[in-house]
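Asker: kindly generate the corresponding structure for this input.
(chains A, B, C and D)
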Protein chains: 2
Amino acid sequence: MVKRTPKRIDYEKELRRQGVRITRQRSVILAILSETEDHPDALEIFRRASAEDPSISLSTVYRTMKLLGDMGAIHRHAFEGGPSRFEHAGGDHHDHLIDIETGDVIEFKSDRIEQLQDEIAKSLGYDIVHHRLELYGRKRRAG
Amino acid sequence: MVKRTPKRIDYEKELRRQGVRITRQRSVILAILSETEDHPDALEIFRRASAEDPSISLSTVYRTMKLLGDMGAIHRHAFEGGPSRFEHAGGDHHDHLIDIETGDVIEFKSDRIEQLQDEIAKSLGYDIVHHRLELYGRKRRAG
DNA sequence: TTTGGTTTTGCAACTGACTGTCAACTGGCC
DNA sequence: GGCCAGTTGACAGTCAGTTGCAAAACCAAA
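Answerer: Numbering: from 1, shown residues only, chains lettered A, B, ... in the order given. Purely as a prediction, here's the structure:
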């Protein structure tokens, strides 16, 4: 497995090209998403956005996350027992290991697992459209 | 991968042994769970239970699912874009392939994938407590 | 078998995470 | 700068599930 390399993307240009109107609110949210390395939920994004622009509403955050999800600019993850968390879609595909004690999310990738998934789906007569692989674990105590 | 063998379990005795009071409602729900081969959600269980005992309430279904989940008698699956679905915990561990057109759930198992997951977690300094692997796919059109 | 004291239940009100409605506002092509 | 479809904030509504409470029901003990 391989840790993903951070990557700062210029969403605005690309989204504008796709006909998306870039409002002040969207601009603020996009900046937050492109800068963050973690996986914030809507409320956290709202909090960070409010610091930039106190007039922004939570509805707008939700609407924007939905829009960006549909445009493929971000990925939504519904980890167990919590609200959806988001990340920008810039990097290459990866899965997640969630620290059940801290909620931290670690990204990993395994071509071998992906390949096995394809084989399994094929043997059952299916084509995979997408998948979800999440490991929930606890940090090993040293010693 | 291997399809799981159906298995009818006597929950009542085991639960009673663990100090769980077996009420009329729980008995009905347990019978439904032990007989079904699919992955019903709370509302569907409620519907089936209502046929047995019209006085049963949806709250009781939810409460019972929570209790049985905590006792380890059933597994709860929160597949994408829908309510939790349940299955009895009798069989051996498996993952799920969800038909995105019909909602059908197919069970599969891959020791190789499990093994790779363990290796990945270990290499990241974690012990896996549990995991979630779901393939979302479309049936391949013959021809 | 009756009793008694927890537990559990049904109902209804509540919660969290969104989604929809609508009048007011505003990007961005002209 | 003007226009106007697209977007926003406020807030009501939805959906899945949880919770408070008085009444009912387990089931261990007598």
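Asker: what sits up against stretch A:37-49?
Answerer: A:6, A:25, A:28-29, A:32-33, A:56, A:58, A:61-62, A:65, A:77, A:82-87, A:96, A:105 (C-beta atoms under 8 Å, 6 or more residues apart in numbering or on different chains). Glycine gets a C-beta too; all of them are placed from N, C-alpha and C.
Asker: from residue A:106, how far off is the nearest residue to residue A:85 once chain neighbours are set aside?
Answerer: Nearest residue to residue A:85, sequence neighbours excluded (C-beta to C-beta, 6 or more residues apart in numbering or on different chains): residue A:39, at 4.1 Å. According to C-beta to C-beta, to the nearest Å, residue A:39 stands 10 Å off from residue A:106.
Asker: looking at it, residue A:104 is touching residue A:98, isn't it?
Answerer: Yes - here residue A:104 reaches residue A:98: they are 7.4 Å apart, a contact under C-beta atoms under 8 Å.
Asker: residues in contact with the residue of chain A found nearest DNA strand D?
Answerer: As assessed by C-beta to the nearest atom of the strand, DNA strand D sits closest to residue A:60 within chain A, at 2.9 Å. The contact partners of residue A:60, taken as C-beta under 8 Å, 6+ apart, are A:25, A:29.
Asker: do the same with the one 5 residues further on
Answerer: Residue A:65 makes contacts with A:42, A:45, A:74, A:76, A:84, A:86, as judged by C-beta under 8 Å, 6+ apart.
Asker: for residue A:69, same thing?
Answerer: If you count contacts by C-beta under 8 Å, 6+ apart, then residue A:69 has A:75, A:76, A:86 around it.
Asker: helices along chain A, start to end?
Answerer: Using DSSP state H, the helices assigned to chain A run over residues A:11-17, A:24-35, A:42-52, A:58-71, A:111-123.
Asker: could I get the third one in PDB with only the CA atoms?
Answerer: Presented in PDB, the C-alpha positions along helix A:42-52 are these (Å, rounded to 0.1, in the frame of the first residue of the first chain):
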ATOM      1  CA  ALA A  42     -20.200  19.100   6.800                       C
ATOM      2  CA  LEU A  43     -20.400  20.800  10.200                       C
ATOM      3  CA  GLU A  44     -16.600  21.100  10.400                       C
ATOM      4  CA  ILE A  45     -16.500  22.600   7.000                       C
ATOM      5  CA  PHE A  46     -19.200  25.000   8.000                       C
ATOM      6  CA  ARG A  47     -17.200  26.000  11.100                       C
ATOM      7  CA  ARG A  48     -14.100  26.600   9.000                       C
ATOM      8  CA  ALA A  49     -16.000  28.500   6.300                       C
ATOM      9  CA  SER A  50     -17.800  30.600   8.900                       C
ATOM     10  CA  ALA A  51     -14.400  31.900  10.000                       C
ATOM     11  CA  GLU A  52     -13.800  33.200   6.500                       C
END
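Asker: in that helix, what counts as buried?
Answerer: A:42, A:44, A:45, A:46, A:48, A:49 (16 or more other C-beta atoms under 10 Å in any protein chain shown).
Asker: again, but for the fourth one
Answerer: Neighbour-count burial for helix A:58-71, counted by 16+ other C-beta under 10 Å, picks out A:60, A:61, A:64, A:65, A:68.
Asker: and if you look at the last one?
Answerer: For helix A:111-123, the buried set under the neighbour-count rule, 16+ other C-beta under 10 Å, comprises A:113, A:116, A:117, A:118, A:120, A:121.
Asker: relative to helix B:111-123, how tilted is it?
Answerer: Angle, helix A:111-123 to helix B:111-123, by axes from the mean of the first three to the mean of the last three C-alpha atoms, to 10 degrees: 160 degrees.
Asker: who's in contact with helix A:111-123?
Answerer: A:93, A:95, A:127-128, A:131, A:133, B:1, B:97, B:108, B:110, B:112-113, B:116-117, B:133, B:135, B:137, B:140.
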